[in-house]
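Peer 1: need coordinates for the following:
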Amino acid sequence: MQTFVIDPSHTDVSFAAKHMMVTTVRGKFGAVEGSLEIDPDAPERSGGEIRVVVASLSTGFEARDQHLRSADFFDAENHPTIVFRATTIRARRDDQYDVSGDMTIRDVTRPVTFQVELLGFYNGMTGARRIGLSARTKINRKEWGLNWNVALEAGGWLVGDEVRLEIDVAAEEAATVAAGATEAGVTVDVAERSAA
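Peer 2: Numbering: from 1, shown residues only. Got it, this is the predicted structure:
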């Protein structure tokens, strides 16, 4: 089993939902961390955890961002992170997997399955061993207590219940991360960093 630490500068966590039943609002979380436990010989035995900071949410419109961070939606002040922990991995075909696990939003934990594509292993610009993958799923926001909405006069609702989640991950082998930090004069406990 090999540990890879998520590289936040090359990892993207984004979401999309319908607005007024017609247009689509898209956003992303700018602060993300976590780690992956990868078994290259038996990917089904792999696992991992990814965490995003709710306050880093951005849709490109500050008033909307503040509303999404408020108690009407994510309640960032009282629930500062969103966490997904992988528990089960099932191969579908070459480099394609169903990754099931628990997602916690606003202290509500529910099962979610992502469709994941393993993009491959590669060496980064510094020669460090890295892994790339992409994950996609759809969730109903109300299952996590994100219930706020406004009825439209013509029928329907202001905010769609279905939310599309997309995660594009780049992660670096933990031994390389630790070695780099040590060379810089910093002592790093990888397990402690992953649990932070």
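Peer 1: so where is the chain shaky, pLDDT-wise?
Peer 2: Within the chain, the stretches with pLDDT under 70 are 20, 153-155, 157, 176-196.
Peer 1: show me the helices in it, by range?
Peer 2: 62-69, 174-183, 190-195 (DSSP state H).
Peer 1: was I right about Val150 contacting Gly156?
Peer 2: No: applying Cβ atoms under 8 Å, one finds Val150 not in contact with Gly156, separated by 10.2 Å. C-beta: built from backbone N, CA, C; applies to glycine.
Peer 1: more neighbours: which of these two?
Peer 2: Gly156 (13 against 8; other Cβ atoms under 10 Å).
Peer 1: quickly note the distance from the residue lying closest to the more buried one once chain neighbours are set aside to Trp148.
Peer 2: Nearest non-adjacent residue to Gly156, counting by Cβ to Cβ, 6 or more residues apart in numbering: Met21, 4.5 Å away. Per Cβ to Cβ, to the nearest Å, Met21 is found 16 Å from Trp148.
Peer 1: do Arg85 as well
Peer 2: The value you get for Arg85 to Trp148, if Cβ to Cβ is used, is 26 Å.
Peer 1: now Gly60: phi and psi?
Peer 2: Per-residue torsions, Gly60: phi 90, psi 0 (degrees, to the nearest 10).
Peer 1: and stretch 84-93, C-alpha only, in PDB?
Peer 2: Extracted in PDB, the C-alpha atoms of stretch 84-93 (Å, rounded to 0.1, in the frame of the first residue of the first chain):
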ATOM      1  CA  PHE A  84     -15.500  12.200   1.800                       C
ATOM      2  CA  ARG A  85     -14.000   8.900   3.000                       C
ATOM      3  CA  ALA A  86     -13.800   6.100   0.600                       C
ATOM      4  CA  THR A  87     -14.900   2.700   2.000                       C
ATOM      5  CA  THR A  88     -15.500   0.400  -1.000                       C
ATOM      6  CA  ILE A  89     -14.000   0.300  -4.500                       C
ATOM      7  CA  ARG A  90     -15.400  -1.800  -7.300                       C
ATOM      8  CA  ALA A  91     -13.800  -2.100 -10.700                       C
ATOM      9  CA  ARG A  92     -16.100  -1.500 -13.700                       C
ATOM     10  CA  ARG A  93     -13.500  -1.800 -16.600                       C
END
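Peer 1: report the distance from it to the chain centre.
Peer 2: Averaging C-alpha positions (Cα atoms, centre = their mean, to the nearest Å) puts stretch 84-93 14 Å from its chain's average.
Peer 1: and Trp144, how many neighbours does it have?
Peer 2: 22.
Peer 1: and it, what is it in contact with?
Peer 2: Applying Cβ atoms under 8 Å, 6 or more residues apart in numbering, one finds that Trp144 lies in contact with Met103, Ile105, Arg106, Val108, Arg110.
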